[in-house]
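S.K.: A structural model of the following input is requested.
(one chain, ligands or ions: 1)
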Amino acid sequence: ARRIVVLISGTGSNLQALIEAQEHDRLGGEIVAVVSNQADAQGLKRARDAGIDAVALPHREYESRETFDGALIKVIERHEPDLVVLAGFMRILTPRFVQRFLGRMLNIHPSLLPAYQGLHTHARALEDGVSEHGCSVHFVTEELDGGPVALQAAVRVDADDGLENLKDKVQAREHLILPIAVNWFLEGRLQLTGDHITMDGISLPPTGMR
Ligand code: GAR
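M.R.: All right, here's what the predicted structure looks like:
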């Protein structure tokens, strides 16, 4: 089976969606390890409950981003993954780390990229009064939240949508599109080719498919 390592920092609801897809034979591979930079991440318990190797690697115990990423590379490579998935992993990665897994690392981001890169995406979208918001699965490159997008899902922003409500609506879509993109990748359908993605041999635009 194809091997997946998932990196998390918190709740792990996207991890849960991946676990459920795997249980229904819809993931195209096996989650062999979950690594969190926060020792108390709820997602680590989700992993253990599913019988998956759960590793806490607290970044605070490392003196620099470089030494932390070095340790992270070691832990990940022990599991010989075909794919690394960032599922709510809230650390900026060094160029060395990104290069190591280039073309085999996907991230889920809570916006319709290239809109709202970075943090607090929902609050910023609400503040701007946008009518549409959403989430993106993209390949990780050295540019933060800037790698080519494979798949997006959009939600309508209603006049009475608050922060929590909007976040919940977007996350429900995250849980749909992340397992799909992982499956496409593991089936060999989705590839990073230079600076763009090909899906079944077709070149995608930088914003992928929606
Ligand atoms: C998700 O909504 C994900 O899109 C976001 O963190 C959340 C983690 O939730 N990721 C980022 O903001 C990346 N910069 P989860 O732990 O329940 O999956």
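S.K.: From here on, just use CA atoms for contacts and neighbour counts.
M.R.: OK.
S.K.: for the protein, which spans come out with low pLDDT?
M.R.: Counting by pLDDT under 70, the chain shows no low-confidence range.
S.K.: pull the longest helix from it.
M.R.: helix 163-186 (DSSP state H).
S.K.: Outside of that helix itself, which residues are in contact with it?
M.R.: Applying CA atoms under 8 Å, 6 or more residues apart in numbering, the set of residues contacting helix 163-186 from outside is 2, 13-14, 17-18, 21, 26-29, 82-83, 106, 108, 110, 122-123, 126, 133-137, 150-155, 157, 190-191.
S.K.: Pull out the buried members of those residues.
M.R.: For these, a neighbour count by 16 or more other CA atoms under 10 Å gives the buried set as 13-14, 17-18, 21, 27-29, 82-83, 106, 108, 110, 122-123, 126, 133-137, 150-155, 157, 190-191.
S.K.: Among these, name the ones in helices.
M.R.: Secondary-structure check on these using DSSP H: residues within helices are 13, 14, 17, 18, 21, 122, 123, 126.
S.K.: returning to what we had before: keep the contacts of helix 163-186, but drop any that are not near the ligand.
M.R.: If you filter the contacts of helix 163-186 for contact with the ligand, counting by CA under 6 Å from any ligand atom, you are left with 13, 14, 108, 110.
S.K.: For residue 93, state which of these is nearest.
M.R.: Using CA to CA, residue 108 comes nearest to residue 93 of those, at 14.7 Å.
S.K.: Check the spacing between the closest one and residue 207 real quick.
M.R.: Residue 108 sits 13 Å away from residue 207 when distances are taken as CA to CA, to the nearest Å.
S.K.: what does the chain have sitting close to the ligand?
M.R.: Of all the residues in the chain, those in contact range of the ligand (CA under 6 Å from any ligand atom) are 10-15, 87-88, 90, 108-110, 118-119, 171.
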